[in-house]
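Student: Show me the folded form of this:
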Amino acid sequence: MKSHRPHFPGADRAQRGVTLIEALVALLVMSFGMVALVGLLSNLRQSGDLAKQRSEAMRIAQAEMETLRSFAVLKKAGGEDASVKSYEDDLIDDARTEPGENTNTSFVVNRVVAPLISGVELAAGEFEPQTIRGQTVKVTVSWNDRTGAAQSITLDSIIARTDPAYSLALGVTPPTQGVRTPAGRNPAVPPAAKDLGNGSSAFRPGGGSTTVWVINNFTGVVTGRCDVPVGTAVSSLVASDVDSCRNNTIGYLVSGTIRFSSSSTPRPEAPDGTARPLSIYINLIPSEYKEVVGGEERLMGGRDYPITPNHVCFNDAPSATPSTQTLVDYYCIVYPNTQTPRNWWGQVYVTGLDLGSSASQFKVCRYSADYNGNGYVYATTTTLPYFRIDNEEHPETYRGVSYSLSRQNFLVVRGDVGCPARAEATDLFVNYATYEMPLPPISP
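Tutor: Prediction:
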C-alpha cells in the first residue's frame, strides 16, 4: 500500500531562512575574532619594534661608555693630535642626536660627567665631602616609539683617572718570588746597609758615628742599636758581631736627601747648588687618635713618647763652606709612643741654616705631591682631622706613622725666591712639586 506524507506549503522556505541566520552569526563571530587577531598582531609588532629600539639604545649607550673609557692620555700636550682622546679633555658633558640602525626613530644621547665625591666621616653623623680621582658618568639614551610615547634607558659608571700606560703591567709576567724589592729588602732599608744573612742588616748612619743600627729586612724597622768603633767597617760585620744588641730597641727610620739650589729660578728636578752645614730636627707631637668609651669620644692613652731623647738624627753634611758636595743624606730614628700599633706624629725640619727672606738667607722646601694618585690630602676641621696626604708623600705634619719612611726629600733655595711648584704630573710617581716648610720651633 502506498503511503502519503502530508505537505505544508512554505516549509522549504522556512528551512532556508534558518541556514542564512546561522551563516550570519558565524560571520559575526569570525569578524570579532579577526578584529582581535588584528589587535594582537598590532601589539606584537609594536612590542617587537620597541624591543628592537631598546636593544639599539642599549648598544648606543654601551658604545658611548666604552668610548669614554678609551682615552689614550690623561691630558693632551701642546700641539698633540686632536684625534687623541684624553681623560681631562674628552670626559665632559655632551648631548647629541644619533640615528638608529634599521629602526624607525632617532635617539638622543645625553652624557653627564661629575667628580666622584665620597663622604668622609669626621664624627658620629658628621661627614666631610672629599673628591676622589675619578668621574661619575651617566649616559641616557632617549627616543619616541611608534606611538609617540617617550622611552629611555640609563647607564651609570665610574671612570678612574688612571694613566692607560699602566695597563701594560697586566701583560707583564710577575716574578716567581713575589714583588721585587731592592736587594730583597724593605725599600726603607738604606742601600749601604750590610745584609747579615739572617733577615737583618747593619747600617752606620753618618760617616763618623760609632752608632750601628740593626734593621729588619722585611719591615725596615730598627730592632737594635750597637756601638761599633769607627775604624771597623760595617761591610766587615757578621751576624754574630751585633747579635747581642738585637731587639734592644724599636724605632722607625726616617730618611731622605737634601739638595741645594742657588739660582733665582731653581729647578727642583736638577738643583745646581752645593751642600752646606746643617742638621735635622724632628718635632714630635702627641698622638691625636681618638676612641669612644661609654659613648664619649676621648684621646687614646699612650699618646706621648716614653723614650728620651725621642729621636736621633744623623747626616753627612759638610763641616764648612764652600764645599763641592752637592747633596746631603740624612737618617733619623724615631722612638714611637706605646699605642697599638706604636706610632709617631710630628714634623721633620732642616735646621742649622740662616733662614729668612733675603738673597743671602735660605728657605727650605719639601718635595711633596700626590705621587700614588689616590687623591689624599690632609684637612683640619672643627672636630676631627682626616687624612688626605699619605705619610710616604712627605706631608708637612706626619700623622700615625707606624713604619719606616724613605725618600723624604728637601730642597734648599735662596730666601728671596719661592719654593718651585710644578703642575700636576701627567704620569704618577713623577712630580717635582715642592712646598715651603714653616720655620721650625725652638728645639729642646
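
Student: how about the nearest residue to residue 134, chain neighbours excluded?
Tutor: Nearest non-adjacent residue to residue 134, counting by Cβ to Cβ, 6 or more residues apart in numbering: residue 116, 4.1 Å away. (Glycine included, C-beta is placed from N, CA and C.)

Student: If you could redo that for residue 356, that was the one I meant.
Tutor: Spatial nearest neighbour of residue 356, excluding adjacent residues (Cβ to Cβ, 6+ apart): residue 415 at 4.8 Å.

Student: Please verify my assumption that the one you found contacts residue 353.
Tutor: No. At 9.5 Å, residue 415 does not count as touching residue 353 under the criterion of Cβ atoms under 8 Å.

Student: circling back to that earlier point, for the residue nearest to residue 356, list the residues it contacts.
Tutor: Shown in contact with residue 415 (Cβ atoms under 8 Å, 6 or more residues apart in numbering): 355, 356, 357, 358, 359, 360, 361, 362, 363.

Student: Likewise for residue 271?
Tutor: Taking Cβ under 8 Å, 6+ apart, one finds 259, 260, 261, 326, 411 in contact with residue 271.

Student: quick one: it is in a helix?
Tutor: No. Residue 271 is assigned coil when assessed by DSSP: H, G, I helix; E, B strand; the rest coil, not a helix.

Student: how about it, phi and psi?
Tutor: phi -60, psi 150 (degrees, to the nearest 10).

Student: one step back: pick out whichever of the contacts of residue 415 sits closest to residue 26.
Tutor: residue 363 (105.0 Å; Cβ to Cβ).

Student: Need the pLDDT of the closest one.
Tutor: Listed pLDDT for residue 363 reads 96.

Student: Please apply the same query to residue 50.
Tutor: Note on residue 50: pLDDT of 83.

Student: which residues touch it?
Tutor: Contacts of residue 50 by Cβ under 8 Å, 6+ apart are 145, 146, 151.

Student: Redo the residues you listed as CSV? Include distance to residue 372 and neighbour count.
Tutor: Putting the contacts of residue 50 into CSV (distance: Cβ to Cβ, whole Å; neighbours: other Cβ atoms under 10 Å) gives the following:
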residue, distance to residue 372, neighbour count
145, 49, 15
146, 53, 12
151, 44, 16
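
Student: Surely residue 352 touches residue 278?
Tutor: Yes. Here residue 352 reaches residue 278: they are 4.1 Å apart, a contact under Cβ under 8 Å.

Student: hey, what's in contact with both of those two?
Tutor: With Cβ under 8 Å, 6+ apart as the test, residue 352 and residue 278 both reach residue 317.

Student: you'd agree residue 329 is in a helix?
Tutor: No. With three-state DSSP as the criterion, residue 329 is assigned strand and is not in a helix.

Student: That one and residue 192: what is the separation?
Tutor: 9 Å (Cβ to Cβ, to the nearest Å).

Student: of the two, who's got more company?
Tutor: Neighbour totals were compared for residue 329 and residue 192, and residue 329 leads with 17 against 12 (other Cβ atoms under 10 Å).

Student: Now do the contacts for the more buried one.
Tutor: So residue 329 contacts 255, 256, 257, 258, 315, 316 (Cβ under 8 Å, 6+ apart).
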